Each structure stands twice: as C-alpha cells, then as structure tokens.
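Chemist: for reference, the sequence and a predicted model appear below.
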Amino acid sequence: MLYCSLLFIYGFLPVSLGIYYAVPKKFKDIALLLESLVFCGFFGLHLLIFMSAYTLVNYTAAQLTFRASRRKGILRVLPAAAGICLDAGALLFFREQWLFLLKGLFSVPENFFPIGISLFSLSAIGYLLDVYRGNIRAEKNFVRFALYIMMFPRLIMGPVVNYRSYLLILRKRRYNIGEIGSGMILFVKGLAKKVLFGDWLYMLYSAVKGCDFAELSAASAWLGITAYILCLYFTLSGFADMGAGISRCFGMRFPVSFSYPVFSGRIRYFASGWFIQPVHWFREYLTKPLSSQVRSKNLSKGIFVAVWVLGGYWFGFSLGGAVWGALTGASILAENRLRNVRLLKSNGIFYTFFITSFFAVFLSTGSVPDGLRYMWVMTGGSGIPADALAAYLFRAYIVVILAAVYASTDLFANTIQRIRCSKCGAVVNVIMPFVMPVLLMICTSVIACTGSSDAMIVRL
C-alpha cells in the first residue's frame, strides 16, 4: 500500500487522520505509532516483525551507548559499534543481490524487502553516532523513538533528519484545519508528479531501454536518458512531497528533499539539490569528521570523492552507482577549480545537464560495461544519428517532455509566487481549493485505468 494507491488515498489516510485528531493530545503519538504499525502490516507480517525488532534493537543500543559514555576503551565503543554494524548489515543484506542466497538460511521470503530501509538506516546510524559523541541523550520514550524510525508519513522517502531536528519538529506541531489543507495540497502535488509525469516518462524510458544498444540511434539514446533523469526526479520527489504533505496533515513540517536539481546552473548545485538530506547526512557524518583528521588538501579531496563513491553506491547499490558517485564528486572538485571560466558561467545549465546525463547512464544500467556501451551510442558510436523510433517517441511524448522540463524547474513555482504577490494573488487563493480536487480526480482516474501506479518504484 503505497502513497499513490487508491486504498491509501481514500481509505487509510482519512481513517488515520480521523483517529489521530479524535484522540486526546497526550495519546496522539501512540495513535500515530499504531497507525504506522498497521501501515507496515499492509506490506506483510514479515515487515511488521522486522520493523518492530529493528526499532527495539536500536533503542536498546542507544540506551547501552549512553550508559557506557563514562567508560573507557572498548567498553565505551562496543554498544554503538554493535548497533551500527547491525544496521549496516541489515541494509547490505536486503540491498545486495549477491547476499540473496543467504535469505534462505533465515527463512526470508524471496520477494520480501523492507521498504525505506536505506533511509531509516541512515537515521538510525546517525542517531547512534550522536548519542556516542554526546551530542544528544538517548531517548527514554520508546514511542517517540519508534516514530523516528517507522512513522509512516516518512517511511518510504524520508526525509532523513537528525534526532534533535526531529524533536524540534515534534514540539512545533500544529493541530488545525489549515495544516491539513496545506498538507493535502502538497500531497496532491506529489501525487501528480508521480502519476502524471513519473509514470508516463517511465513508459518512454522503458521503450528505449528495451532496444538493443547496437540498433539504437543517438537521438533515441538521448531521449531515453532524459526520460530516465526526469522520471527518477518526479518519482522520488513525488513520493517525498506526498510524505511531507501527509506529515503536515498530522501537524509536522519536515524539510523538502529536492530543490529543482535537474536543470541547475552548476554540478554542485545539482548535487546539493538532489536528495538534500542524505547528501547532508554523508557530509556531516563522514566527510567533515574524516577531513578534520587530515591536513593535506589532496587527501581531503580524496576523502570527498570517496564519500561520494559510498553515497552513489548507497543510492544504487551497484557498481554503476559507485561510478556515478565517483564521477559526480570528481566533477564538483573540477568545477571548483574552473569556476571563474567565463564559458562555464554563461552555459551552466547546458553543461550541467550534459554531464549529469552522461553520469546518469551508470545509474540507469547499474553496470559499468552497459553504461559505457550506452554512452558510446549517445555520442553516435552506433553510426545511427536518428531513426524512426526516435521520431515516433518524440512525436508521442513531446508534450509530456516539455511539460516535465518546465515543471522540473523553479519557473512554475516562481510564476505562481509572483502572481500571489501581485493584485491577482487573491484570485489564485480562491481558485486553488478547486484546482486541487480536480487534479486529485485526474490522478485517481489515471490510477484506476492503469490498475496501479507502481512504475519505477525505487527500492530505497
């Protein structure tokens, strides 16, 4: 039961909101935790058991880490190290394909996957590190901590926030109809991203992906990788917006996860605007602590690239993902050296999209050899600049592509903001409550006709 399923939209969400606002304030956290357990239960009993055990293990590890803070040597490090190793081990166990054979030893179903494990693993590891460093105290309230790990509005797509920020968000909760209204607007926007853009672009990407590289034209290859980048953006940011909208309905305002990264003016802007919280997590918990221990600038740069390699591997859990991370990190360093070049300043959007498109090939294929072959086709290596497939796909999807390109930039948001600040702002505020239900009806019709909206569900 994903956020974009009709069961969730018209069943689980309204019922959970009704229960949440019906119970007294002191029982709201308990109600939300029980609803999160039910949400996990829709994915199967195995996920419910896993999430409960995972939360209990991390809660216990944090308590032991805090109690061992006054000790010295291995006794101080052991609880946190054990908890972090278990978190990282669980992440590898479910994400790495070569560990699939081990699942039979633990009687794990073949199709079982803890949804959101990449994200809540970062939250759990960061929490244990903060407790170990003495930045925060171990949380005694089990319900509050359990919500940090498995709260259903942020289970699928985060965002990843540290525990101190999470507590601040909880303290600033607001229970009113205005929050529900703004939350539903954000939810519908995310749903439209996923259903009206992500799913259609996935069909274009699949049409190109199914072709033999030797028979693929350069134009078709570029159409395919453009569709992949836009599809990935609208799918991930759509789920992130839906989760943030649901959280807002429950009174909690979590930070945005994407900041229009696709057509950025610099590669570093693309990197900082793409999945903002995980990028920040790797910087705060790996790059900064490791770089602070060395004096050599070259070694610091090496650490920077190495962390990007790890981040790319975390995102795709493939060698292709690691290569994508290495190329992105190295490009950011190269860009910093060339930031005063006039040509780059005047063509920032074009060169950024050109380079990130080449890098994305390794994410889309997941394989370095396949990625290199696809890049060879993109540069005309197949000897076919264009073909009938490219012309057909261009005619069939040109409207979707143009609309997606426009929607993936901040032009639309800035236009709406300028209108709201003008004399017509009152008109927008009046129309918006009518536009969102219509948009929801359109998305509902598309989901009902297709049977689902599960295209390109990224296993994070």
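Modeler: Perfect, I can see it now.

Chemist: for Phe234, the count of nearby residues, please.
Modeler: Per other CB atoms under 10 Å, the neighbour tally for Phe234 reads 29. To be clear about C-beta, it is placed using only N, CA and C from the backbone, and glycine gets the same treatment.

Chemist: what does Arg174 give?
Modeler: Using other CB under 10 Å, Arg174 has 10 other residues around it.

Chemist: so it sits against Phe250, correct?
Modeler: No: using CB atoms under 8 Å, Arg174 is not in contact with Phe250, being 10.1 Å away.

Chemist: now this structure, which segments are flagged as low pLDDT?
Modeler: The model of the chain has pLDDT under 70 over residues 97-107, 340-346, 423, 425, 428, 451-460.

Chemist: quick one: Arg76 and Leu64 touch, right?
Modeler: No: in this structure, Arg76 is not within contact of Leu64 by CB under 8 Å, at 10.5 Å.

Chemist: so what secondary structure elements neighbour the helix or strand Leu78 falls within?
Modeler: Element membership for Leu78 (DSSP states H and E) is helix 74-95. Packed against helix 74-95 by the contact rule (3 or more CB pairs under 8 Å, 6 or more residues apart in numbering; DSSP states H and E) you find helix 45-67, helix 117-133.

Chemist: and Val188, which of those is closest to it?
Modeler: Closest approach to Val188 among those (CB to CB): helix 117-133, 22.9 Å.

Chemist: and the closest one with helix 45-67, angle?
Modeler: 10 degrees (axes from the mean of the first three to the mean of the last three CA atoms, to 10 degrees).

Chemist: which other helices and strands contact helix 117-133?
Modeler: helix 45-67, helix 74-95, helix 142-150, helix 163-171, helix 276-282.

Chemist: would you turn the ones you listed into JSON lines with mean neighbour count and distance to Phe354?
Modeler: Output for these, formatted as JSON lines (neighbours: other CB atoms under 10 Å; distance: least, CB to CB, whole Å):
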{"stretch": "helix 45-67", "mean neighbour count": "18", "distance to Phe354": "41"}
{"stretch": "helix 74-95", "mean neighbour count": "17", "distance to Phe354": "30"}
{"stretch": "helix 142-150", "mean neighbour count": "20", "distance to Phe354": "40"}
{"stretch": "helix 163-171", "mean neighbour count": "15", "distance to Phe354": "36"}
{"stretch": "helix 276-282", "mean neighbour count": "19", "distance to Phe354": "21"}
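
Chemist: among those helices, which comes closest to Phe112?
Modeler: Nearest to Phe112 among the helices and strands packed on helix 117-133 is helix 45-67; the distance by CB to CB comes to 5.1 Å.

Chemist: which residues does Phe358 contact?
Modeler: Residues near Phe358 by CB atoms under 8 Å, 6 or more residues apart in numbering: Met375, Met378.

Chemist: quick one: it and Met432, what's the gap?
Modeler: Counting by CB to CB, to the nearest Å, the separation of Phe358 from Met432 is 39 Å.

Chemist: go on, Leu310?
Modeler: Noted for Leu310: a distance of 42 Å to Met432, by CB to CB.

Chemist: more neighbours: the two, which one.
Modeler: Between Leu310 and Met432, Leu310 has the larger neighbour count (other CB under 10 Å), namely 18 against 13.

Chemist: was I right to think the more buried one contacts Arg283?
Modeler: No: using CB under 8 Å, Leu310 is not in contact with Arg283, being 11.8 Å away.

Chemist: domain ranges for this protein?
Modeler: What automatic domain parsing lists as the domains of the chain is 6-172, 179-409.

Chemist: Throw those into CSV and include distance to Ile416, thanks.
Modeler: Formatted as CSV, the domains of the chain follow (distance: least, CB to CB, whole Å):
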stretch, distance to Ile416
domain 6-172, 23
domain 179-409, 11
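
Chemist: tell me which of the ones you listed lies nearest to Met441.
Modeler: Per CB to CB, nearest to Met441 of the domains of the chain: domain 179-409, 10.0 Å.

Chemist: and Val161, what does it touch?
Modeler: Contacts of Val161 (CB under 8 Å, 6+ apart): Ser123, Ile169, Phe254, Pro255, Gln277.

Chemist: show me which of these is closest to Leu155.
Modeler: Ser123 (10.6 Å).

Chemist: report the angle between the strand or helix carrying Gly243 and helix 163-171.
Modeler: Assessed by DSSP H and E, Gly243 sits inside helix 218-249. Angle of helix 218-249 versus helix 163-171, following the same axes, to 10 degrees, is 60 degrees.

Chemist: do you know how far Ile349 is from Pro278?
Modeler: Computed as CB to CB, the Ile349 to Pro278 distance reads 24 Å.

Chemist: now the angle from whatever helix or strand Leu32 lives in to helix 45-67?
Modeler: Per DSSP H and E, Leu32 falls inside helix 28-41. On the basis of the same axes, to 10 degrees, helix 28-41 is oriented at 130 degrees to helix 45-67.

Chemist: how far is helix 28-41 from where the chain is centred?
Modeler: Taking CA atoms, centre = their mean, to the nearest Å, one finds the center of helix 28-41 at 22 Å from the center of the full chain.

Chemist: what does stretch 156-171 give?
Modeler: 15 Å.

Chemist: try stretch 28-43
Modeler: Using CA atoms, centre = their mean, the offset of stretch 28-43 from its chain centre is 21 Å.

Chemist: return the alpha-carbon coordinates of that stretch using PDB.
Modeler: What follows is stretch 28-43, C-alpha atoms only, in PDB (Å, rounded to 0.1, in the frame of the first residue of the first chain):
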ATOM      1  CA  LYS A  28      -1.600  11.200  19.700                       C
ATOM      2  CA  ASP A  29       2.000   9.700  19.500                       C
ATOM      3  CA  ILE A  30       0.600   6.300  20.500                       C
ATOM      4  CA  ALA A  31      -2.100   6.600  17.900                       C
ATOM      5  CA  LEU A  32       0.300   7.500  15.200                       C
ATOM      6  CA  LEU A  33       2.700   4.700  16.100                       C
ATOM      7  CA  LEU A  34      -0.200   2.200  16.000                       C
ATOM      8  CA  GLU A  35      -1.200   3.500  12.600                       C
ATOM      9  CA  SER A  36       2.400   3.200  11.400                       C
ATOM     10  CA  LEU A  37       2.400  -0.400  12.500                       C
ATOM     11  CA  VAL A  38      -0.800  -1.100  10.600                       C
ATOM     12  CA  PHE A  39       0.700   0.600   7.600                       C
ATOM     13  CA  CYS A  40       3.700  -1.700   7.800                       C
ATOM     14  CA  GLY A  41       1.300  -4.600   8.200                       C
ATOM     15  CA  PHE A  42      -0.200  -3.900   4.800                       C
ATOM     16  CA  PHE A  43       3.200  -4.900   3.300                       C
END
